[in-house]
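Chemist: what follows is a predicted protein model with its sequence.
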Amino acid sequence: MSRSRLLPDNFTLALLSVVTLASLVPASGRPAQFFEGLTTVAIGLLFFLHGAKLSREAILEGITHWRLHLLVFASTFVLFPLLGLALKPVLVPLVTPELYTGVLYLCVLPATVQSAIAFTAMARGNMPAAICSASASTLLGVFVTPVLVGLVVLPHGGHAASSSLDAIGRILLQLMVPFAAGHLLRPWIGGWVKRRASVLKFVDQGSILLVVYTAFSAAVIEGLWRQVPMHALVGLLVVCAVILALALSLTTLLARKLGFDTEDEITIVFCGSKKSLASGIPMAKVLFASHAVGAIVLPLMLFHQMQLMVCAVLAQRYARREAGVAERSAVVGAVSSK
């Protein structure tokens, strides 16, 4: 019997288990230093493998669809931050100031790649444009997110580990150098990486789990759970739901008002309304002080699971509608030929 799409997946259950482990047995001292080093190596390996996986054809195909990419970029890096700031007076009473800082950080992150492309495929959207747009969002996020953190997050209570320029340099060194190295070596190792997708998935999820464990360990030692009451966690769910609902509604409305067809609308909705856990957690490790990372990434973790469940239902609805249109067209064609 298959698991319902509304239930948490195995990775989400693993995330919850790691958070529980870090809450009960937080790493400190030499073990914490070991996990910090291991996490840095795992993240570098992750971006190296992603660089080897991404083809230049995927980058070039669909790159000419500039109106779609511009709208996705505006939704990701303009609409979301404006929503986070505009809703702050209304939503911040529901959570703690530290958690809403995490919400603002969530709003300045790039779009997710894998799930945005997967949901676009499921909904029968514009796949080449989705691959290009989601990949470009991740790459641009290396430069745009640290700047937006300085403009949007830090003035509202964030604790930076370094300045925006230093952060860009550290992200380039820790994330983009391995990515570029992997892409340069793609002619030799790309086939191997493609054949062993399970290895990439293991490194992808394993590196995130390591970051979550080290981040929550530091946060628990600093008193995270003493500072976050239960009502704030419930309020955080409400905050994430409101922001996701507005983002989905506005991207859909803008796509239709600007005259995009249904395939492009699907791509805009799924690439412009989703936020990347895979990029957000490693970036948080670079951008913020260690003790602050736990509270910073908690909203992202909740939002990530929520967006997966909601977008899975939405993608199925799009797919049924597209299937219905195709079926009606086939019937009309058959009648016309008689």
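Modeler: On my side now, so go ahead. Numbering: from 1, shown residues only.
Chemist: quick one, helices of the stretch 1-150 of the chain?
Modeler: 10-24, 30-53, 56-60, 66-74, 80-86, 88-91, 97-107, 114-122, 127-148 (DSSP state H, counting those that start in this stretch).
Chemist: need the winner for burial among those helices.
Modeler: With neighbours defined as mean count of other C-beta atoms under 10 Å, these peak in mean count at helix 97-107, which reaches a mean of 24. For every residue, glycine as well, the C-beta is placed using N, CA and C.
Chemist: quick one, that one and helix 127-148 angle?
Modeler: With axes from the mean of the first three to the mean of the last three C-alpha atoms, to 10 degrees applied, the angle from helix 97-107 to helix 127-148 works out at 140 degrees.
Chemist: how far is helix 97-107 from where the chain is centred?
Modeler: 15 Å (C-alpha atoms, centre = their mean, to the nearest Å).
Chemist: returning to that earlier point: ok, which of the helices of the stretch 1-150 of the chain comes nearest Val238?
Modeler: helix 88-91 (7.7 Å; C-beta to C-beta).
Chemist: TSV for the helices of the stretch 1-150 of the chain, including distance to Arg196?
Modeler: Compiled in TSV, these are given as follows (distance: least, C-beta to C-beta, whole Å):
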stretch	distance to Arg196
helix 10-24	19
helix 30-53	9
helix 56-60	19
helix 66-74	30
helix 80-86	34
helix 88-91	43
helix 97-107	32
helix 114-122	16
helix 127-148	20
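Chemist: would you single out the least confident of those helices?
Modeler: Note on these: helix 56-60 shows the lowest mean pLDDT, a mean of 63.
Chemist: ramachandran angles for Phe288?
Modeler: Recorded main-chain torsions at Phe288 are phi -120, psi 160, according to degrees, to the nearest 10.
Chemist: ok, Leu109 next?
Modeler: According to degrees, to the nearest 10, Leu109 has phi -80, psi 160.
Chemist: over to Lys274?
Modeler: Torsion angles, degrees, to the nearest 10, at Lys274: phi -110, psi 150.
Chemist: that one against Gln307, yeah?
Modeler: Yes - between Lys274 and Gln307 there is a contact under C-beta atoms under 8 Å: 5.3 Å.
Chemist: tell me which of these two has more neighbours.
Modeler: Lys274 (30 against 25; other C-beta atoms under 10 Å).
Chemist: if we can go back for a sec, how about the helices of the stretch 1-150 of the chain, which one is nearest Ala241?
Modeler: helix 88-91 (10.5 Å).
Chemist: just how off-centre is that closest one within its chain?
Modeler: Between the centre of helix 88-91 and the centre of its chain there are 23 Å (C-alpha atoms, centre = their mean).
Chemist: dump that helix to PDB, keeping only the CA atoms.
Modeler: Output of helix 88-91 as PDB, limited to C-alpha atoms (Å, rounded to 0.1, in the frame of the first residue of the first chain):
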ATOM      1  CA  LYS A  88       5.800  41.200  10.000                       C
ATOM      2  CA  PRO A  89       3.500  43.400  12.100                       C
ATOM      3  CA  VAL A  90       0.600  40.900  11.700                       C
ATOM      4  CA  LEU A  91       2.500  37.600  12.000                       C
END
